[in-house]
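**Q** give me the fold of what follows.
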Amino acid sequence: MHPILINIGWFHLPTYGVLLVLAILTGMYTAMRLGPRVGMDPAQILDFYTWGILVGLVGAKVLMVLTEWNDYPDHLSQIFSLSTLKAGGVFYGGFLATLFFTLWYVRVHKLSFWKLADVISPALALGHSVGRLGCFSAGCDYGKPTTCPWGVVFTSTLAHEATGVPLGVRLHPTQIYESITTLVIFGLLLWWFPKRKRDGDVFLVYVGLYAVARFFLEFLRGDEDRGFVFHHLLSTSQFIALLALAGIATALIWRRGDRAEELSAGPASRDERRAQQVREAAQQVSFGRAQTADGGVAAGNVRAVTASPVPKRAKR
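**A** Presented below is the predicted three-dimensional model:
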């Protein structure tokens, strides 16, 4: 692989960095194109996306430090070192940080969480697909040894020093597996977007599909420093994937009925709907009074017709 894309004298341009920027830009473009379809201003999407990327990068690195904490107690300064800054981090750390940031953002700006989540989900899937190619070029997130004919062999000493990827050993290209998987998820989300029945459907489908895919892909990963729980039974990402699936099940139950409709509409829309309900109620009252008045007029006419004497036939 080629961890350095351009190497001219003292200037070194990492391939991972280039692909990371490309992932951010493609995701941003996708979100800004999808935003108007749900009535969201592209400028608002750009503002959210910019801050969301920064929060996501910090969250990804925080979870990386937590999962590799055994390597830091004696070298706490490494947490703020250049190597940590260059590292991509753990995807689920960035995802969770961005999720909490989104909850805060929609509350402050009075937006619909579900609509914004639907817009961002395809962007995340596409950006993730491109970003995993960066992982492949750098050698991180590598797979277990394999005899499969499509296995890859890393030979870069720079990649080995930076990520610990074994050299000269045929490995599962787990980075490519995940890149293809997230690209397929992106295609499915893009196809489902105009067919969704409720706001939030695209987001829940994205979280569910990725959680299932990530859970099984983890069995092929060979980087043992990514963090484990329950005495090495599950990796950190597998545990988070199970929590994500449980969260989806809870959300589906909670979204049933009127309560889901209120959440889907967002604070501003809820106020508008209440005002609309008041107007409809007032119209019904006015209509009822009009019917009563019309009924009284009609009854008076009947009485008038009944009281009017029938003229007798004139005598000849």
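
**Q** figure out how far stretch 49-57 is from the centre of its chain.
**A** The chain centre lies 13 Å from the centre of stretch 49-57; the measure is CA atoms, centre = their mean, to the nearest Å.

**Q** so is residue 6 in a helix, a strand, or just coil?
**A** Following DSSP: H, G, I helix; E, B strand; the rest coil, we place residue 6 in the strand state.

**Q** pLDDT value on it, please?
**A** Listed pLDDT for residue 6 reads 87.

**Q** the residue nearest to it when sequence neighbours are not counted: how many residues sit nearby?
**A** If the residues on either side of it in the chain are set aside, residue 6 comes closest to residue 13, at 4.0 Å by CB to CB, 6 or more residues apart in numbering. C-beta: built from backbone N, CA, C; applies to glycine. As a burial measure, residue 13 scores 11 neighbours (other CB atoms under 10 Å).

**Q** identify the residue nearest the residue nearest to the spatial centre of the chain in space, chain neighbours excluded?
**A** Centroid check for the chain by CA atoms, centre = their mean gives residue 121 as the closest residue, at 3.5 Å. Residue nearest to residue 121 in three dimensions, not counting chain neighbours: residue 206, with 3.9 Å by CB to CB, 6+ apart.

**Q** can I assume the residue nearest to residue 6 sits in a strand?
**A** Yes. Residue 13 sits within a strand when classified using three-state DSSP.

**Q** before we move on, the earlier item: and the one helix or strand the residue nearest to the centre of the chain maps to, what does it pack onto?
**A** Remark: residue 121 resides in helix 113-138, with elements defined by DSSP states H and E. Applying 3 or more CB pairs under 8 Å, 6 or more residues apart in numbering; DSSP states H and E, one finds that helix 113-138 contacts helix 15-34, helix 42-67, helix 91-109, helix 157-163, helix 174-192, helix 201-217, helix 258-307.

**Q** what's the least confident stretch among these?
**A** Ranked by mean pLDDT, the helices and strands packed on helix 113-138 bottom out at helix 258-307, which scores a mean of 51.

**Q** what mean pLDDT does the helix holding residue 121 get?
**A** 95.

**Q** tilt between it and helix 201-217?
**A** Interaxial angle, helix 113-138 versus helix 201-217 (axes from the mean of the first three to the mean of the last three CA atoms, to 10 degrees): 30 degrees.

**Q** what's in contact with the next helix-or-strand element following helix 113-138?
**A** Remark: after helix 113-138, the chain's next helix or strand is strand 152-153, criterion DSSP H and E. Contact partners of strand 152-153, identified using CB atoms under 8 Å, 6 or more residues apart in numbering, comprise 1, 167, 168, 169, 170, 171, 173, 176.

**Q** which one of those residues sits closest to residue 99?
**A** Distance to residue 99 across these (CB to CB) is lowest for residue 176, with 26.8 Å.

**Q** got a list of what the closest one touches?
**A** For residue 176, the contact set (CB under 8 Å, 6+ apart) comprises 132, 133, 136, 152.

**Q** change it to 6 Å
**A** By CB atoms under 6 Å, 6 or more residues apart in numbering, residue 176 lies in contact with residue 136.

**Q** kindly report the same for residue 133.
**A** Applying CB under 6 Å, 6+ apart, we find residue 133 in contact with 19, 179.

**Q** redo that, cut-off 8 Å
**A** Contacts for residue 133 were tallied using CB under 8 Å, 6+ apart; they are 19, 175, 176, 179.

**Q** output stretch 214-231 as PDB, nothing but the C-alphas.
**A** Provided in PDB are the C-alpha atoms of stretch 214-231 (Å, rounded to 0.1, in the frame of the first residue of the first chain):
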ATOM      1  CA  ARG A 214     -19.900  -4.000  11.900                       C
ATOM      2  CA  PHE A 215     -20.800  -6.700  14.400                       C
ATOM      3  CA  PHE A 216     -19.800  -9.500  11.900                       C
ATOM      4  CA  LEU A 217     -16.900  -7.700  10.300                       C
ATOM      5  CA  GLU A 218     -15.300  -7.400  13.700                       C
ATOM      6  CA  PHE A 219     -14.800 -11.200  13.700                       C
ATOM      7  CA  LEU A 220     -12.400 -10.700  10.800                       C
ATOM      8  CA  ARG A 221     -10.400  -7.900  12.300                       C
ATOM      9  CA  GLY A 222      -6.800  -8.600  13.400                       C
ATOM     10  CA  ASP A 223      -5.800  -5.500  15.300                       C
ATOM     11  CA  GLU A 224      -6.000  -6.700  18.900                       C
ATOM     12  CA  ASP A 225      -5.500  -3.200  20.300                       C
ATOM     13  CA  ARG A 226      -9.000  -1.900  19.300                       C
ATOM     14  CA  GLY A 227     -10.500  -2.700  22.700                       C
ATOM     15  CA  PHE A 228     -12.600  -5.600  24.100                       C
ATOM     16  CA  VAL A 229     -15.200  -6.100  26.800                       C
ATOM     17  CA  PHE A 230     -16.500  -9.100  28.900                       C
ATOM     18  CA  HIS A 231     -13.100 -10.800  29.100                       C
END
